[in-house]
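Q: How does the following fold in three dimensions:
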Amino acid sequence: MLPIISFVRAMALRINSTARATADRISDVTAAGKIGEIDAVKLIRAHERALNLILHQRLEDLRDRVPSLSRVDMRVLSRQEKKP
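A: Residues are numbered from 1 along each chain as shown. Model (predicted):
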């Protein structure tokens, strides 16, 4: 997820965006014409997917009473979820 956030943050800073949320930054960068609509949708979906996976992992960690990290156990993902 860090590469997505870092790329979007850098692009947003380049256009002087004041947005803080990644999705808002993507919208600003798209509106400025720095990335296309299709790429923006792909970035938003990838970001949402990563957040969803991390959230589910944290819930599993809480249930199992183990320290929660921002990592996802790849062994529990389906084939579809492992696809890029």
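Q: so what's Ser6 up against?
A: Going by C-beta atoms under 8 Å, 6 or more residues apart in numbering, Ser6 touches no other residue. The C-beta positions use only the backbone N, C-alpha and C, and glycine is treated the same way.
Q: Which strand or helix spans it?
A: helix 2-14 (DSSP states H and E).
Q: can you list the residues that contact the helix or strand just after that helix?
A: Counting by DSSP H and E, the element after helix 2-14 in chain order, helix or strand, is helix 22-31. Helix 22-31 is contacted from outside by 4-5, 8-9, 11-12, 15, 17, 19, 35-37, 40, 43-44, 47, using C-beta under 8 Å, 6+ apart.
Q: Please apply the same query to stretch 70-78.
A: Residues outside stretch 70-78 that contact it (C-beta under 8 Å, 6+ apart) are 1, 53-54, 56-58, 60, 82.
Q: mind putting those in CSV, neighbour count included?
A: Output for the contacts of stretch 70-78, formatted as CSV (neighbours: other C-beta atoms under 10 Å):
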residue, neighbour count
Met1, 15
Leu53, 19
Ile54, 16
His56, 14
Gln57, 18
Arg58, 15
Glu60, 14
Lys82, 8
